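S.K.: what's the 3D shape of this:
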Amino acid sequence: MDGIQLQWALDPTRVDMAARMRAYLDRLLRSITVSGTGLPSDAHTGLTRAHVRTDSDVRAD
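M.R.: Residues are numbered from 1 along each chain as shown. Next up is the predicted model:
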């Protein structure tokens with residue numbers, strides 16, 4: 001994930017960090033659960049960009 005994060009930092013328009021992280025977590029969960037199931041299909045609906053504070057939000061406080 002460090003390499004993906006570095007690629008995203010260098011060019012965020014070419015790397016979908018959220019999709020890559022979700023795919024990684026899905027593979028990890030499939031490998032460690034007894035049932036072999038991954039993330040639920042609606043797992044992407046959790047935290048949205050509107051709920052994430054950015055650096056500019058912090059400076060505005």
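S.K.: Would you mark the buried spots in the longest helix along the chain?
M.R.: As assigned by DSSP state H, the longest helix anywhere in the chain is helix 17-32. Of the residues in helix 17-32, Leu29 count as buried by neighbour count, 16 or more other Cβ atoms under 10 Å. For glycine as for every other residue, the C-beta is placed from the backbone atoms N, C-alpha and C.
S.K.: who does it touch, helix- and strand-wise?
M.R.: Contact here means 3 or more Cβ pairs under 8 Å, 6 or more residues apart in numbering; DSSP states H and E; on that basis helix 17-32 packs against helix 2-10.
S.K.: what angle do the helix it packs on and helix 17-32 make?
M.R.: 170 degrees (axes from the mean of the first three to the mean of the last three Cα atoms, to 10 degrees).
S.K.: Name the residues of helix 2-10 that are buried.
M.R.: Those would be Trp8, for helix 2-10 by 16+ other Cβ under 10 Å.
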